[in-house]
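Asks: model the structure of this input:
(chains A and B)
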There are 2 protein chains.
Amino acid sequence: MTVGPRAGGHKVYQGGTLFPDLRVPFRQVDLHPTAGEPPVTLYDPSGPYTDPAAEIDIARGLPALRAGWIARRGDCAVVDQPRAVRPEDNGGASGATLAPAFDNTGRVVRRGRAGRPVTQLEYARAGIVTEEMEYVAIRENQRRAATDRVLRDGEDFGASIPDFVTPEFVRDEIARGRAVLPANINHPELEPMIIGRNFLVKINANIGNSAVLGHVADEVDKMVWATRWGADTVMDLSTGRNIHNIRDWIVRNSPVPIGTVPIYQALEKVGGVAEDLSWEVFRDTLIEQAEQGVDYFTIHAGVRLAYVPLTARRVTGIVSRGGSIMAKWCLAHHRESFLYEKFAEICEIMREYDVSFSLGDGLRPGSIADANDAAQFAELRTLGELTRVAWDHGCQVMIEGPGHVPMHKIKANMDEQLAHCGEAPFYTLGPLTTDIAPGYDHITSAIGAAMIGWFGTAMLCYVTPKEHLGLPDRNDVKTGVITYKLAAHAADLAKGHPAARLHDDAVSRARFEFRWEDQFNLGLDPETARCFHDETLPKDAHKTAHFCSMCGPKFCSMKISQDIRDAARGQNDGAGMSAAEITAGLAEMGEKFRAGGSAIDVAVVE
Amino acid sequence: MTVGPRAGGHKVYQGGTLFPDLRVPFRQVDLHPTAGEPPVTLYDPSGPYTDPAAEIDIARGLPALRAGWIARRGDCAVVDQPRAVRPEDNGGASGATLAPAFDNTGRVVRRGRAGRPVTQLEYARAGIVTEEMEYVAIRENQRRAATDRVLRDGEDFGASIPDFVTPEFVRDEIARGRAVLPANINHPELEPMIIGRNFLVKINANIGNSAVLGHVADEVDKMVWATRWGADTVMDLSTGRNIHNIRDWIVRNSPVPIGTVPIYQALEKVGGVAEDLSWEVFRDTLIEQAEQGVDYFTIHAGVRLAYVPLTARRVTGIVSRGGSIMAKWCLAHHRESFLYEKFAEICEIMREYDVSFSLGDGLRPGSIADANDAAQFAELRTLGELTRVAWDHGCQVMIEGPGHVPMHKIKANMDEQLAHCGEAPFYTLGPLTTDIAPGYDHITSAIGAAMIGWFGTAMLCYVTPKEHLGLPDRNDVKTGVITYKLAAHAADLAKGHPAARLHDDAVSRARFEFRWEDQFNLGLDPETARCFHDETLPKDAHKTAHFCSMCGPKFCSMKISQDIRDAARGQNDGAGMSAAEITAGLAEMGEKFRAGGSAIDVAVVE
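Replies: As a prediction, the model looks like this:
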C-alpha cells in the first residue's frame, strides 16, 4: 500500500474557530525561492495516509476523528444489540474462502435518539452549525483569507458561489437541500466534505470486487490509492462473496465518504435470483450497512413498473445493474417496485444513522442512441418526487445522472434535474460523449463530465480506461481519478470558482519562468510530469535550463517573450506603464538585441 | 515501420462517377454473422500502408496518384530549373551529420501556367469540379447512398451540413472560402481530403525533430504511424539540421497533406538569430518548400509590431515559436513585420503551387490567464483582413486558433473567428481548458477541442501527453491521435453530421449483443480494447459469454434487459407494438422467469 507524502508537497492543517479542536488537512506546495511567491495550498482528500506523522495500521483502522463531536452533541445513543453478522452477509463464504473479519472489539454502533436531530440536514434546519460544517467551510477555502483579492470571471448558470465560504453558508446550503454532507454517525473516521453546486466540484471513484475478481487487501489499497490522487468519495460496488467483511475493512480505513448500492448485497442474500428479492431482505441489508458506517446509499427507487416498457426499444436497454435488477423484479411479480412503495420506511432507517440518499438513475442511457429518452426523464421526475419525501423525513439527498449523452444533449440533463429535483446535488457518471472509443472512455466521458460540471453538477463519478471492457487495476484507478480531477477543475474554472484560477496561474508562472520542479509539483501528477520531462532531457541541469526539448534553445518562445517583457518593463514592473512606454522599452531592447547579437541565445546554445 | 491492415478491418475502394479512375479508400469492418448487419465503412486516411496489395518502399515514395489528373488539366508547366538544394537548407550539415537525400531522379517540379487556374479555389470559382473535389465528396459520404435514411438531431450553430455530399457541394464550399482542399501540385502522392465546417471534423498530428532530437526514419515512421490511427494531416515542425532532407522523405511518402512553418527553416538559414531574418531568406524558403510539395504553410503575418506591447503583461507572454520569432524581429528593427508588408507577394508564390495558407496565431494565449485578451483578438482581426487578401489572389486559407482557454471562453473564440474571417476554416490547437495537469494535456485539451469542434472548428491540432514536457514518442503520437479522433467524432455527433451516429450505434449494438470482437474492431483502437478485455477475462470463451468481468453473470444489466426486450417483443420486432402490448409481453415474460428460476442466469454461472 502506498503511503507517505506525495512528491513536492507536504501536509498542513488548519484549526477551527467555532471548534478549535478541528484539524483540517491541506497539501501545501512550496515554490522555488526565485518565484518570490507564497506556497500554494491545495485541497487534499488523501487523509492521514499522506501524513508522515500518522501511524498507519489497517488492522486498527483510522482514528475516530468525529467520535468526540458526536458524543458532545449527545443526540445519538449506543445500540445495545447491533445486528450480528450472518453467513449470508458474506455470501455464505466459510473456511478458506471467508475473508478475515475486521476486529471490531470495543467498537460501538450508534443510532439517533428519538426526537433528536441526527442528520446534518436536521441540524442545519435547526440553525445549528456542526463541527462537520465548519470543517468543510475551512476546507473549501483552501486557506484563503476572507479578505483575499478574488479572481473570477466565469459563467455559473445561476449558481451562487460565494467569494469565501463561512460555516453559516454551509449550514444554509444544507438546510435548503442544495448541498449534501455525507457523514454516517457510524463512520467517525471520516474527514467531512461537502457536495453541492456552490462548492468545489467533487469526484467519486468506484472500487469493488465482483464475482470474478477482488480481495480484501486489494480493495483497501485501491481506496487509499484513489484518495491519494484526489478521489473525494469512494463507492464500494463489491458483489459476490465476502462483501460484508471487505466493506468493514474499507469503511474503518476510509477518510472519505463511502457509498454502496445495497441491492447488490440483498441480491447475493437471495442467491442472485432477482425475483426472490423482498422488502425484508432489503431492509435488513440497509440496517447492516448503516451500522457498518456507509455514508450514502444508491437506491433505485425511481425504476417503476410503468417505465420498464419505455426501455423495450432502446439500443442498449437498461445498463444500470440496480435498475435492471429492479426491472426484472417488477416484471417477475408484475407489480410496483418495493423500493418505491416502501420509500418512506427507507427514509426512516437512513435518517437514524444520517446515511445520505444517492437516488439511482436505473434507467440512464447506456448509449448515445438512448440519451434523453422517455424512460430516462420519466425516472428523473420520479426522483424529484422522492427527493421531497426524503427531505420531509430529514434525509440528505443527491440525484444520480447519466451515462452516455452527446454534447448537444448534456445541458438538457442539467436543466431537467434542476427543474424537477429542487436543486438537490446532481451526481453524474461522465457522461460519455461518444461510444466509438472503448479503451478511452475516461476521455470520452471527461469531455461530458467537464461540461456538465460547468453547468452545475456537484459530483462527477469517474470512468476508467477499462470501462465496458474489464475491472480497473491500480493504474486505471489513478488514470481515472486524475482525468476526473482535471475535468472537475476545468468546471470550477468555467463556473468562476474564486479559488480555481489561483492554481492554474501558479502553474503557468512556473512554466513561463522555467521553474520545472514547481511545474511538476503543482501538477495533478508530479511523478508522471517529471518522468515525461526526463525522457527527453534527463540531465538535472536542464531542469534549470531556460529552454526545453520541445523547441530547443533557439526556438524557445517563452524565453524570447521573457526578453521582450523584461525589456519592456525596464527597471519597474510595467504595471504603471502606458502602451507607448512599453513600445519605447521594447524598441530600446531591440537595439540591445542587435548590439549583442542575441548574446543570451548564443550562450544557451554553447 | 508498422504497415499492413489494421486489426478487424480491411481496405475497400470506391470509384468515381465524373472521374472513373478515382479509387477512394475506406476501412471496412465486417461484423459477426449473428449481427445480421452490413459491414461498417469508416473514413480512412492511412493511405496505401494499410493495403496488403500495396508495395511499400519509402526509398521510392508513394505512387503519384494525382500526376495524371494534374497533367490532364494541363494548367501546370514543368519548371525548367527548379531551385537547387543548398547546404544551408540542411543547416549546413555535411558528411556524417548530413541525413541521406531522397532520390528525386526523374521527379519534375511543377508550377501553374500564367493566366491559368492552379488552386482548387480558382477551379471552384470557375465552376470546375476537379478530380480532387469528387474524391473528397465520395470520401466524406463513407459509402452511404444519397437515398439512405439519415439519423441526425444535432445543434450545428449555423453550419450547413448536407445529408449527402456531392462534388458540386464541395466545389461551392471551396469557392466561397468555407472549405480548404490542401493539395500542392508538387505532392501528387496525396489522397485528397477537405477541411471545412460543413464536413467531418479533421485532426492534425505534429511531428518533427528539433535541435535536441529526431532522425529521418523516425519522422517518416511517425507520419505513417499517425495516419494509421487517423491523422488527417501532418505538420512537420522540424528545426535544426537536415530539415530539407527529412521533409523530402516525409512528403514523398505521405498520403495526407503536409504542413510546415517556413519561418523555422528561414531562421536556421540565418544561424538562429531572429533579427537577421529577411524577406529574401523567407521568400527563398517558401519556394524551396513549395517545390518540395508542402501542402500548407503556417504564416504568422498577423503578428504586427503594434500588437507586441499588448503581450507585455501576460502571464505567459508569446508562446507561439513563429510568433515570438517575428515579435523579436519587429522589435529588433522596430518596424512592421515583413510577413505583413510582403503578404501579397507571399500569396503570389503560394498560388502558383496551390499551397494553402494556415494563418498562424502567433499571439495565441499560452495559459488560462491570457485567454481571449487584447493581443489575441487584435491578431485575429488582422488574420481576417489577410484572409481577404489571400482570397483575392486565388489562395486557399484556414485560420489557426488557441491555445489555452477555459470552457466559458471557448465559444467567443469561434464567434470572433466567424465574425472576422469570412467563415474561412478554423484550425485550433486544443484548446486546453486548464493548466494544472502537465502529463495529461491531451485530455485537458480534448475537452476544449470537442467543444470548439462542435461550435464550428474544422480541424483540431492534436496535443499529446508530452505537451509542455518533451517531444512525443510513438506511443504519445498514437494516444494524441486517438484522443483527437474521439473529440472530433464527439463534435460531429453534436453537430448532427449524418454519418456520425451510424458508427456509435454500431458499437452500441455490438456491446448490447456481447459481440466483443465487433466492439473491439469498430473502436478507434481495437488492440487496446481487446487487450484491456483480456486482462480480466482472457479466455476466448468469454468473448462469446453473455456477461463480462465488470458485473459478473448475475449482475449483467445488458443480459437482463435483453431478456426484457426479447420477451416484450415476443415473435415480432416490437416496432408495431403499443406500450400496453409491450407491458403484457413483459408480464408474460415475468411468469417465465418465475417458472424457470432464471434458468439462463444459472446456466451462465455454472
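Asks: residues contacting the residue in the stretch 51-200 of chain A positioned nearest to chain B?
Replies: Ranked by C-beta to the nearest C-beta, the top residue of the stretch 51-200 of chain A for proximity to chain B is residue A:155, at 4.2 Å. Just so you know, the C-beta spots here come from the backbone N, C-alpha and C atoms, and that holds for glycine as well. If you count contacts by C-beta atoms under 8 Å, 6 or more residues apart in numbering or on different chains, residue A:155 has them with A:454, A:494, A:495, A:496, B:408.
Asks: for the helix or strand harbouring the second one, buried residues please.
Replies: Element membership of residue A:494, judged by DSSP states H and E, is helix A:474-495. Of the residues in helix A:474-495, those with enough neighbours to count as buried (16 or more other C-beta atoms under 10 Å in any protein chain shown) are A:476-495.
Asks: next structured bit after that helix?
Replies: helix A:500-512.
Asks: which parts of that next one are buried?
Replies: A:500-512.
Asks: who touches the helix or strand just after it?
Replies: Using DSSP H and E, the next helix or strand after helix A:500-512 towards the C-terminus is helix A:516-522. When contacts are defined by C-beta under 8 Å, 6+ apart, helix A:516-522 is touched by residues A:7-9, A:29, A:31-32, A:35, A:40, A:503, A:506-507, A:510-511, A:526, A:529-530, A:533, A:542-544, B:436, B:438, B:468.
Asks: again with stretch A:21-32
Replies: A:6, A:8-16, A:37-44, A:46-47, A:50-51, A:68, A:131, A:134-135, A:138-139, A:142-143, A:191, A:506, A:510, A:515, A:517-518, A:521-522.
Asks: picking up where we left off before, which among the contacts of helix A:516-522 count as buried?
Replies: A:8-9, A:29, A:31-32, A:35, A:40, A:503, A:506-507, A:510-511, A:526, A:529-530, A:533, A:542-543, B:436, B:438, B:468.
Asks: do you know how far the residue of the stretch 51-200 of chain A closest to chain B is from residue A:190?
Replies: According to C-beta to C-beta, to the nearest Å, residue A:155 and residue A:190 sit 34 Å apart.
Asks: residue A:396 contacts residue A:182, correct?
Replies: Yes: using C-beta atoms under 8 Å, residue A:396 is in contact with residue A:182, at 6.9 Å.
Asks: quickly list what's touching both of those two.
Replies: Joint contacts of residue A:396 and residue A:182 (C-beta under 8 Å, 6+ apart) are residue A:356.
Asks: circling back: same list, the contacts of residue A:155, but as JSON lines with pLDDT please.
Replies: JSON lines is the format used below for the contacts of residue A:155 (pLDDT from 0 to 100):
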{"residue": "A:454", "pLDDT": "98"}
{"residue": "A:494", "pLDDT": "98"}
{"residue": "A:495", "pLDDT": "97"}
{"residue": "A:496", "pLDDT": "96"}
{"residue": "B:408", "pLDDT": "98"}
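Asks: from those, pick the one nearest residue A:257.
Replies: Lowest distance from residue A:257 to those (C-beta to C-beta) belongs to residue A:495, with 22.5 Å.
Asks: what residues are up against the residue nearest in space to the middle of chain A?
Replies: With distances taken as C-alpha atoms, centre = their mean, the residue of chain A nearest its centroid is residue A:203 (2.1 Å). Listed by C-beta under 8 Å, 6+ apart, the contact partners of residue A:203 are A:230, A:231, A:232, A:459, A:460, A:461, A:462, A:481, A:484, A:485, A:487, A:488.
Asks: quick check: pLDDT value at the residue nearest to it when sequence neighbours are not counted.
Replies: Counting by C-beta to C-beta, 6 or more residues apart in numbering or on different chains, residue A:203 lies nearest to residue A:484, which is 4.1 Å off, once chain neighbours are set aside. On the pLDDT scale, residue A:484 is placed at 98.
Asks: residue contacts, residue A:484?
Replies: A:203, A:205, A:230, A:442, A:446, A:449, A:460, A:462, A:463.
Asks: and what of residue A:474?
Replies: Going by C-beta under 8 Å, 6+ apart, the list of residues near residue A:474 reads A:221, A:222, A:225.
Asks: redo the residues you listed as TSV? Include pLDDT, distance to chain B and secondary structure.
Replies: Formatted as TSV, the contacts of residue A:474 follow (pLDDT from 0 to 100; distance: C-beta to the nearest C-beta, whole Å; DSSP: H, G, I helix; E, B strand; the rest coil):
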residue	pLDDT	distance to chain B	secondary structure
A:221	92	17	helix
A:222	92	14	helix
A:225	97	17	helix
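Asks: in JSON lines: those residues, plus distance to residue A:286.
Replies: Formatted as JSON lines, those follow (distance: C-beta to C-beta, whole Å):
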{"residue": "A:221", "distance to residue A:286": "28"}
{"residue": "A:222", "distance to residue A:286": "25"}
{"residue": "A:225", "distance to residue A:286": "29"}
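Asks: for PyMOL, what selects the buried ones among the residues you listed?
Replies: PyMOL command restricting the contacts of residue A:474 to the buried ones, with burial defined by 16+ other C-beta under 10 Å:
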select buried, chain A and resi 221+222+225
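Asks: tell me which of the contacts of residue A:474 is nearest to residue A:297?
Replies: Residue A:297 has its nearest neighbour among the contacts of residue A:474 in residue A:222, at 20.4 Å by C-beta to C-beta.
Asks: does residue A:191 really touch residue A:44, like I thought?
Replies: No: between residue A:191 and residue A:44 there is no contact under C-beta under 8 Å: 9.2 Å.
Asks: excluding chain neighbours, what is closest to residue A:27?
Replies: Nearest one to residue A:27, counting by C-beta to C-beta, 6+ apart, is residue A:44 at 4.0 Å.
Asks: per-residue confidence at that neighbour?
Replies: 98.
Asks: before we move on, what about residue A:560?
Replies: 76.
Asks: and what of residue A:390?
Replies: 98.
Asks: and it, which of the three is it?
Replies: At residue A:390 the chain is in helix, as set by DSSP: H, G, I helix; E, B strand; the rest coil.
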